[in-house]
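Colleague: 3D, please:
(one chain, ligands or ions: 1)
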Amino acid sequence: MSDALRFVDVTEDQLDAVIRVRARSFGGLAAGDREQWLEDARVFIGDGRYVGVAAGDEVVAAARFWDFEQWWSGRRVPMAGVAGVVVSPEYRGRGVGSTLMRGLLQRAVDKGFPLSGLYPATTVIYRHLGYEFGGGRYRFSFPAADLRALGGKEVAVRRAGPADAERFLELVGQLHERRRTNGPLIWPVKQVTGWLADEDNFAYLADDGFVVYNWSGSDLCVDELVAGSEATARALWATVGSGSSIASTVQAYISPDDPVHLLVEHEAYKDVQHQRWMVRLLEAPAAIAARGFAPDATVEADLRIDDPEIPANSGDWHLSVAGGSGRLTRTQASGDVLRLGPRGLAALYAGTPLATLRASGLASGGAAADLDTVFAGATPYMLDYF
Ligand SMILES: CC(C)(COP(=O)(O)OP(=O)(O)OC[C@H]1O[C@@H](n2cnc3c(N)ncnc32)[C@H](O)[C@@H]1OP(=O)(O)O)[C@@H](O)C(=O)NCCC(=O)NCCS
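Modeller: Next comes the predicted model:
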């Protein structure tokens, strides 16, 4: 990268330039979206989460990160959700995107995020920086008539609105803790309130669950469905399926482990949509301490991490997992220890079997290390794109 280019914080008066680069990267903002985009951008700027690369005074690349939390084995882990990574076409292919992302990683580390995640449009740049696939966003489709037939008529279901946001968050939290879920994002109550206030979303609440759905063309589409019991699952899915006289298909953003797959008469259609997201450990000990582990699994193992981008993660570590919690402490390892780079560490964290990591060159050594029992769990998924 030339000396004239430097890593910067994006400022408000540079947002027009960012919009120009963005238009050349993702297409223009719809007329009605500009004000909301600017409002969001000011929040990122105010919080030091909008960064760029400038040539002179002009911003030629930009990226931002959301202040998210993510469920990992039923616990909330702060996660820097990287989005809007754009480089102006005339600057691409010469290291600008990498400089931008390196600066962003450092910023997220400085802000204390143990973890970062993103949806990659291309994996190359992110893999170079230590990200690896962590999970997916899945959209399944079901015949609406099959959902309608699920019954659950004994369960009372009422229309819900913005005033129910806190209750929704409480129900989601209970479900993810109980199922030791991996992957979904935790949105602030303000965003949940806005989602429930949107007239295009149809929200229904039962004692131990809720559903939010909307139209997607001539199909219905479930944004989220949480049910604490089989009866409530039946009732909420049947509520959506009651639209079967008009909508023949219901699409649903759900986990591949969702009970509906085992309840509904016909398997999901074959048009499952799957978008992968990537994950990276920014501060390895904090990321291990924050996530949950299977309560009855234990492990004591040494590992050697080599993380060229974030050297504080590098070196010899001892991993200790017991009672549903893990700790990573400095050690002096000797002999045949398990060796991982940041990509191997990220994929392991997300539950990828060690055999897969070895077979793809992301882990080596430590023949006796058996970490699968502690890291394995529910398939990581997200409901939201960001
Ligand atoms: C993707 C993008 C941000 C990369 O920026 P860049 O400045 O070209 O990236 P760099 O020059 O630092 O390249 C880093 C690595 O990524 C690779 N790379 C960059 N763009 C790529 C692409 N479109 N496909 C495959 N690899 C790509 C480079 O070849 C390089 O790898 P190498 O060192 O092994 O050759 C930029 O092309 C862009 O703005 N694209 C349009 C918007 C977009 O897709 N954003 C990403 C959203 S997740």
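Colleague: quick one, strands of the stretch 151-300 of the chain?
Modeller: Ranges of strands within the stretch 151-300 of the chain are 158-159, 185-186, 202-206, 209-216, 219-227, 249-253, 273-281, 299-305, based on DSSP state E, counting those that start in this stretch.
Colleague: now the stretch 1-150 of the chain
Modeller: 5-9, 50-55, 58-72, 75-87, 115-118, 132-143.
Colleague: how about the residues of this structure that lie near the ligand?
Modeller: The interface of the chain toward the ligand, taken as CB under 6 Å from any ligand atom, is made up of 25, 85-87, 92-98, 120-122, 124-125, 128. In this view, the C-beta of every residue, glycine as well, is placed from N, C-alpha and C.
Colleague: which residues are contacting stretch 149-158?
Modeller: 204-207, 231-239, 241, 263-265 (CB atoms under 8 Å, 6 or more residues apart in numbering).
Colleague: are any of the residues you listed buried, and which?
Modeller: The neighbour count (16 or more other CB atoms under 10 Å) marks 204-206, 231-239, 241, 263-264 as buried among the contacts of stretch 149-158.
Colleague: show me the residues you listed that map onto helices.
Modeller: Within these, residues falling in helices by DSSP state H are 231-239, 241, 263.
Colleague: show me what stretch 266-278 is in contact with.
Modeller: 117-120, 123, 126, 131-143, 146, 249, 261, 346, 382, 385.
Colleague: rewinding a little: can you tell me which of the strands of the stretch 1-150 of the chain is most buried?
Modeller: strand 115-118 (a mean of 27; mean count of other CB atoms under 10 Å).
Colleague: for the stretch 51-200 of the chain, which residue gets nearest to the ligand?
Modeller: Here the residue of the stretch 51-200 of the chain nearest the ligand is residue 97; by CB to the nearest ligand atom that distance is 2.4 Å.
Colleague: between the two ends of stretch 280-291, how far is it?
Modeller: The first and last residues of stretch 280-291 sit 14 Å apart, counting by CA to CA, to the nearest Å.
Colleague: now the residue of the stretch 151-300 of the chain found nearest the ligand: how far from residue 116?
Modeller: When scored by CB to the nearest ligand atom, the stretch 151-300 of the chain has residue 278 as its residue closest to the ligand, at 9.4 Å. Taking CB to CB, to the nearest Å as the measure, residue 278 falls 9 Å from residue 116.
Colleague: what touches both of the two?
Modeller: residue 131.
Colleague: show me where pLDDT drops low in this protein?
Modeller: For the chain, the stretches flagged by pLDDT under 70 are 1-3.
Colleague: and it, split by domain according to the record?
Modeller: 5-130, 138-275, 283-375 (automatic domain parsing).
Colleague: ok so, going back, among the strands of the stretch 1-150 of the chain, which is nearest residue 227?
Modeller: With CB to CB, the closest approach to residue 227 among the strands of the stretch 1-150 of the chain belongs to strand 132-143: 15.0 Å.
Colleague: the closest residue to residue 174 other than its chain neighbours: what's it in contact with?
Modeller: Spatial nearest neighbour of residue 174, chain neighbours left out: residue 228 (6.9 Å); criterion: CB to CB, 6 or more residues apart in numbering. By CB under 8 Å, 6+ apart, residue 228 lies in contact with 171, 174-175, 207-209.
Colleague: which residues does residue 343 contact?
Modeller: Contact analysis of residue 343 by CB under 8 Å, 6+ apart lists 127, 130-132, 362.
Colleague: that one: what secondary structure?
Modeller: Of the three states, residue 343 takes helix under DSSP: H, G, I helix; E, B strand; the rest coil.
Colleague: and it, how far from residue 275?
Modeller: 19 Å.
Colleague: try residue 259
Modeller: Taking CB to CB, one finds residue 259 at 23 Å from residue 275.
Colleague: for residue 174, same thing?
Modeller: 27 Å.
Colleague: can you check residue 347 too?
Modeller: For residue 347, the distance to residue 275 equals 17 Å [CB to CB].
Colleague: these two: which has the busier surroundings?
Modeller: Remark: of residue 347 and residue 275, residue 347 carries more neighbours, 25 against 13, as counted by other CB atoms under 10 Å.
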